[in-house]
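Peer 1: need coordinates for the following:
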Amino acid sequence: MRHHLWKSAALILLSGLVLAGCGHDTDGGSPASGHGAGHGSSTTVTAKTGDFNDADATFAAQMIPHHRQALQMTSMAGRKATTAEVKKLSAAMATAQQAEITTLSGWLTDWGKPVPTPAPHDDHNMTKMPGMMTEAQMSDLGNATGPLFDRMWAQMMIEHHQGAVVMAKTEQTAGKNAAAIALAQKIETDQNAEIATMRRLLGRIPAN
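Peer 2: Numbers count the residues shown, from 1 in each chain. A predicted model of the protein is given here:
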């Protein structure tokens, strides 16, 4: 009798262990599911990174040299401007546009697209972009001095910004990547505000 009870208890214990083992396998399936979820997350991230079209790539590839030329102009203003407001505005532009160049370059790298290298001002691919200055215009700005420089700088930067706004609007209409579209919206807002500021400055800068 005692032997029979011991045998029954052993069978019950063994059954419990088997059930526990099955439960462990089920839990083990959860990590597998979790891994699957992780794989899904990876796929989502990849899809997100690859979620772009030709308009997004063009926007990034063109805005980089566009911003680089603006940085050349802001650098000139830092050295030559005679108006405190021009110096302050140009410094703010330089900070914002350098950060945007870094962002745009990172996107192109993630998308497997080449990051544009600095090119001459008279490069055809550069000068055909809206608002880009020619080599001659940049040379004239570099040779200007005093209030004339400040006026030329504001006038040229207004035109330059207007070109960037056109490019930003195109991205918002034709682009696919949400982050690129959001940056285009920011560029349009920021540069329109700076255009308004520069127009006010022109009214205060002496004509000669």
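
Peer 1: surely residue 63 is in contact with residue 164?
Peer 2: Yes - the criterion here is CB atoms under 8 Å, and residue 63 meets it with residue 164 at 7.1 Å. Glycine gets a C-beta too; all of them are placed from N, C-alpha and C.

Peer 1: shared neighbours of those two, which are they?
Peer 2: Contact criterion CB atoms under 8 Å, 6 or more residues apart in numbering; residues shared by residue 63 and residue 164: residue 187.

Peer 1: any idea how many residues pack against the closest residue to residue 97 other than its chain neighbours?
Peer 2: The spatial neighbour of residue 97 that comes closest, neighbours along the chain excluded (CB to CB, 6 or more residues apart in numbering), is residue 67 at 4.3 Å. Look at residue 67: counted by other CB atoms under 10 Å, it has 21 neighbours.

Peer 1: distance of residue 67 from residue 53?
Peer 2: Shown here: residue 67 relative to residue 53, a distance of 21 Å by CB to CB, to the nearest Å.

Peer 1: equivalent analysis for residue 97, please.
Peer 2: Relative to residue 53, residue 97 is positioned 24 Å away (criterion: CB to CB).

Peer 1: more neighbours: those two, which one.
Peer 2: More crowded of residue 97 and residue 53, by other CB under 10 Å: residue 97, with 23 against 13.

Peer 1: and the more buried one, what does it touch?
Peer 2: 67, 70, 71, 74.

Peer 1: looking at these, which has the most residues close by?
Peer 2: With neighbours taken as other CB under 10 Å, the top of those is residue 70, carrying 28 neighbours.

Peer 1: could you point out the helix or strand that follows the lowest-mean-pLDDT helix or strand in the chain?
Peer 2: Lowest mean confidence among the helices and strands of the chain (mean pLDDT, DSSP states H and E): helix 2-49, at a mean of 40. Sequence-wise, the next helix or strand downstream of helix 2-49 (DSSP states H and E) is helix 54-80.

Peer 1: buried ones in that following helix?
Peer 2: Residues 55-70, 72-74, 76-77, 80 are the ones in helix 54-80 that count as buried (16 or more other CB atoms under 10 Å).
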